[in-house]
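*Asks:* make a model of this:
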Amino acid sequence: MNICVKPSLAGFLSSGCVAFLLFLYPFSLVFAQEGKEAKIQVLLQQLQDKDPSVRSNAAYALGQIGVEAASAAPALGELLKDQNAWVRGNAAFALGRVGGAKPYLASFIELLKDQNENVRKDAADAIGRIGVEAKPGVPALIILLKDKSAFVRRYAAEALGKIGPGAKTAVPGLVESLRDQEFVVRTHAAYALRQIGMDAKEAIPVWMAVLKDNREHLRSYAADALGEIGPEARIAAPALIEALKDQDRFVRVSASKGLGKMGTEAKTAIPGLIDLLKDNEPLVRSSASDALGKMGAEAKAAIPALTELQKDQAPIVRIAATGAIGNIMSSISKP
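*Replies:* From the prediction side, this is the model:
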């Protein structure tokens, strides 16, 4: 007899079906895990197959499984020296995803010089997934920023960003990549420079130029990057003030935040930020309020407008306005 056949949901819930299924659930997980482990064992065997397409597909499949296939790392490491380019590339791809890629960093760096662009791309991606500990790979990645393949240049830039401040020697090359013909390369170069952070001061003039790019995404990136550099990017304040009038709301938000992070060094932005308190977008009004609050007593002229925003319909605006008033008043009261 099937105890789980009921004419209605209420009947189903009131029956023993739910308890029965909950009883079975842990066993289903065990069976699923056992099935995955069995699949991994099969794929490990296929890594030794004489057919390169089988080895390649097995490596890729292990990468798709991810960290649960960590036991495959040694076998995948051996395939980084395979004669077949697709096998080498997919082995690098998999090692970047199953974990334990760091011991193979030297091999990945060597593969960055591979004749096959897919191998170079996968090696760059694997290095990026190692993160900050992949600093020895920076010089080779810098060279790849000029690779003939846009795909490779994109992954090289992304990897440098993931390495972070340890990739500061890549700043000049990444600044040049901001002018790359391919949008995807410019975007990842911008991402990398932001991740490098304060060490990207050399990029200030370029970020100012990017604020005039015809793509909203890059203009927003540029404003964020200038803000992360902080007060030392004060020379960019006029460009960010101009960006407060951008047609894209996210650019206006980023420009506001950037000016706020510069603090009193960007006090010339106060009139523009006060104007932005009337913006139609709540996120923009909120960001402008925050920025004014970070300018302390210098922004006392904004108090009437901020007081009015305490009655704004949007909670984030009311909260930001109240916080800004508190910061300004606190700064005024200090001797």
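
*Asks:* in the protein, what helix or strand scores lowest on average pLDDT?
*Replies:* Lowest by mean pLDDT, DSSP states H and E among the helices and strands of the chain is helix 9-14, with a mean of 47.

*Asks:* contacts for the strand or helix carrying Gly77, please.
*Replies:* Per DSSP states H and E, Gly77 falls inside helix 73-79. Applying CB atoms under 8 Å, 6 or more residues apart in numbering, the contact partners of helix 73-79 are 44, 47-48, 55, 59, 62, 87-88, 90-91, 94-95, 98-101, 103-104, 107. C-beta coordinates here come from the backbone N, C-alpha and C atoms, glycine included.

*Asks:* check stretch 158-173 too.
*Replies:* So stretch 158-173 is in contact with 124-125, 127-129, 131-132, 134-135, 137-139, 141-142, 145-146, 174, 188, 191-200, 202-203, going by CB under 8 Å, 6+ apart.

*Asks:* switch the cut-off to 6 Å
*Replies:* 124, 127-128, 131-132, 134-135, 138, 141-142, 145, 188, 191-192, 195-196, 199-200, 202 (CB atoms under 6 Å, 6 or more residues apart in numbering).

*Asks:* next step: those restricted to helices.
*Replies:* Secondary structure from DSSP state H places Ala124, Ile127, Gly128, Val138, Leu141, Ile142, His188, Tyr191, Ala192, Gln195, Ile196 of the contacts of stretch 158-173 in helices.

*Asks:* between those residues, which is nearest Val317?
*Replies:* Tyr191 (29.5 Å; CB to CB).

*Asks:* please report how far the closest one lies from Glu117.
*Replies:* 21 Å (CB to CB, to the nearest Å).

*Asks:* tell me which other helices or strands the helix or strand Gly89 falls within touches.
*Replies:* Assigned by DSSP H and E, Gly89 falls within helix 85-98. Counting contacts by 3 or more CB pairs under 6 Å, 6 or more residues apart in numbering; DSSP states H and E, helix 85-98 is packed against helix 52-65, helix 73-79, helix 117-130.

*Asks:* what's downstream of that helix, the next helix or strand?
*Replies:* helix 105-111.

*Asks:* what comes up buried for that following helix?
*Replies:* Using 16 or more other CB atoms under 10 Å as the test for burial, helix 105-111 gives Leu105, Ser107, Phe108, Ile109, Leu111.

*Asks:* before we move on, what about stretch 69-83?
*Replies:* Result for stretch 69-83 [16+ other CB under 10 Å]: buried residues Ala69, Ala72, Ala73, Ala75, Leu76, Gly77, Leu79, Leu80, Asp82.

*Asks:* out of the buried residues of helix 105-111, who's nearest Ile235?
*Replies:* Ile109 (37.0 Å).

*Asks:* the closest one and Pro103, how far apart?
*Replies:* Counting by CB to CB, the gap from Ile109 to Pro103 is 13 Å.

*Asks:* quick revisit: distance between the helix holding Gly77 and the chain's centre?
*Replies:* 28 Å (CA atoms, centre = their mean, to the nearest Å).
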